[in-house]
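**Student:** Let me see the structure of the following:
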Amino acid sequence: MADEVLVERRDGVQVITINRPEARNALTRAVAEGVAAAVDELDASEELRVGVLTGAGGTFSAGMDLKAFLRGETPAIEGRGLCGITQTPPRKPFLAAVEGWALAGGFELVLACDLVVAAEDARFGVPEVKRALVAAGGGALLLPRRVPPNVAMEMLLTGDPLGALRAAEVGLVNRLTPPGGALDGALELAASIAANGPLALAATKQVARGSTDWTTEEGWARQAELIAPVFTSADAREGATAFAEKRPPVWRGR
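**Tutor:** Predicted coordinates:
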C-alpha cells in the first residue's frame, strides 16, 4: 500500500500521489485504503491546511483496476465511496492535479475534489455507458453539479471524453498549465488557500458544499451554526489584529 500511494507534506499542503503508472494508476483496494488513510491524516492534522491529489507517470487515473475487480477487490470504502472520498470528501480544501487521462472512477475522484488544475492536454471522461454500465461512483450524481446540465448529459450519455480546454470553458477546470505542470500549478493554488485561516476554510467549504442540498431557510440556519465557532475563535481575533498591525497572521487553528 505504501508503494501504491505516496504521501508527502509541503509547507502545510499534503500531496497524495496514486503511484501505479504501469497500470495507468488504476484503482485497487490498496490504493483506496492508502488514499482514505491520507485524507484522514489531512483532516486530523493541525499543520496540514490543504490536500492535493494527483497521479504518477503522466496519468491521473484510468479508473477501477478490472483485473483486481475480477479477483473480488473493490476500490470503494464502505460508507465513504471510491478511495474514501466520493461520498465523504475531506473536510479541508482538496485539489486535483490532472495530467493525461482521468477516466471513469479516476474522473469521479476528480469530481470529489473542490478545485481542479489540469495540463492542457489532459482529458476527462465517464465511458461507462460504452460498456453498458452506469457511472455510479459519483459521476452521474456529481457531474451535473459541476458543469452545465446539457454538457454533463452529453458526457454521461455518449461516454466521449472532454479535453482540458473545453473542461475549463465549462467550469470544470479552474486553471490550465502546460503539459507536466499540473502539480506545480495545483501547489501554487493550494499555497494561496493555505495562507488563510484554517477554521474559516473548513467552515466555508462545508457551507458551500452543503448549500446545494439546503433550502434557503435551512441554509441560513445551518450556516449560522457552522460559522459561530469561527467568529469567536482565536484565529478570528488574530486575523483582525494582524490586519491592524500590518503583519502576516499566525494561525493556530483554534
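
**Student:** which stretches of the stretch 1-150 of the chain form helices?
**Tutor:** Taking DSSP state H, counting those that start in this stretch, the helices of the stretch 1-150 of the chain run over residues 29-44, 66-70, 105-112, 139-146, 149-158.

**Student:** what packs against the third one?
**Tutor:** So that's helix 105-112. Helices and strands touching helix 105-112, by 3 or more Cβ pairs under 8 Å, 6 or more residues apart in numbering; DSSP states H and E, are strand 81-82, strand 94-98, strand 123-125, helix 139-146. All C-beta atoms are positioned from the backbone trio N, CA, C, and that covers glycine.

**Student:** For Leu157, find the nearest of the ones you listed.
**Tutor:** Across the helices and strands packed on helix 105-112, Leu157 has its closest neighbour in helix 139-146 (10.1 Å, Cβ to Cβ).

**Student:** now the helices and strands packed on helix 105-112 in CSV, with distance to Arg247, mean pLDDT and mean neighbour count?
**Tutor:** Listed next are the helices and strands packed on helix 105-112 as CSV, based on distance: least, Cβ to Cβ, whole Å; pLDDT from 0 to 100; neighbours: other Cβ atoms under 10 Å:
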stretch, distance to Arg247, mean pLDDT, mean neighbour count
strand 81-82, 42, 94, 26
strand 94-98, 28, 98, 29
strand 123-125, 42, 97, 23
helix 139-146, 38, 93, 17
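
**Student:** out of those, nearest to Val52?
**Tutor:** So among these, strand 94-98 is nearest, using Cβ to Cβ, at 4.8 Å.

**Student:** lowest-confidence stretch among the helices of the stretch 1-150 of the chain?
**Tutor:** Of all the helices of the stretch 1-150 of the chain, mean pLDDT reaches its minimum on helix 66-70 (a mean of 80).

**Student:** Now find how far off-centre that one is within its chain.
**Tutor:** In terms of Cα atoms, centre = their mean, to the nearest Å, the centre of helix 66-70 is set 25 Å apart from its chain centre.

**Student:** And for stretch 235-247?
**Tutor:** Put simply, stretch 235-247 sits 30 Å off its chain's centre (Cα atoms, centre = their mean).

**Student:** when you give positions from now on, start the count at 643
**Tutor:** Yep, numbering from 643; the last one is stretch 877-889 now.

**Student:** Extract the C-alpha set from it and format it as PDB.
**Tutor:** Only the C-alpha atoms of stretch 877-889 are listed here, as PDB (Å, rounded to 0.1, in the frame of the first residue of the first chain):
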ATOM      1  CA  ASP A 877      -7.800  32.900  14.800                       C
ATOM      2  CA  ALA A 878     -10.500  35.400  14.000                       C
ATOM      3  CA  ARG A 879      -9.000  37.800  16.600                       C
ATOM      4  CA  GLU A 880      -5.600  37.100  15.200                       C
ATOM      5  CA  GLY A 881      -6.800  37.900  11.700                       C
ATOM      6  CA  ALA A 882      -8.200  41.300  12.800                       C
ATOM      7  CA  THR A 883      -5.100  42.100  14.900                       C
ATOM      8  CA  ALA A 884      -2.700  41.200  12.100                       C
ATOM      9  CA  PHE A 885      -4.600  43.400   9.700                       C
ATOM     10  CA  ALA A 886      -4.500  46.300  12.100                       C
ATOM     11  CA  GLU A 887      -0.800  45.800  12.800                       C
ATOM     12  CA  LYS A 888       0.000  45.300   9.100                       C
ATOM     13  CA  ARG A 889       1.700  42.000   9.500                       C
END
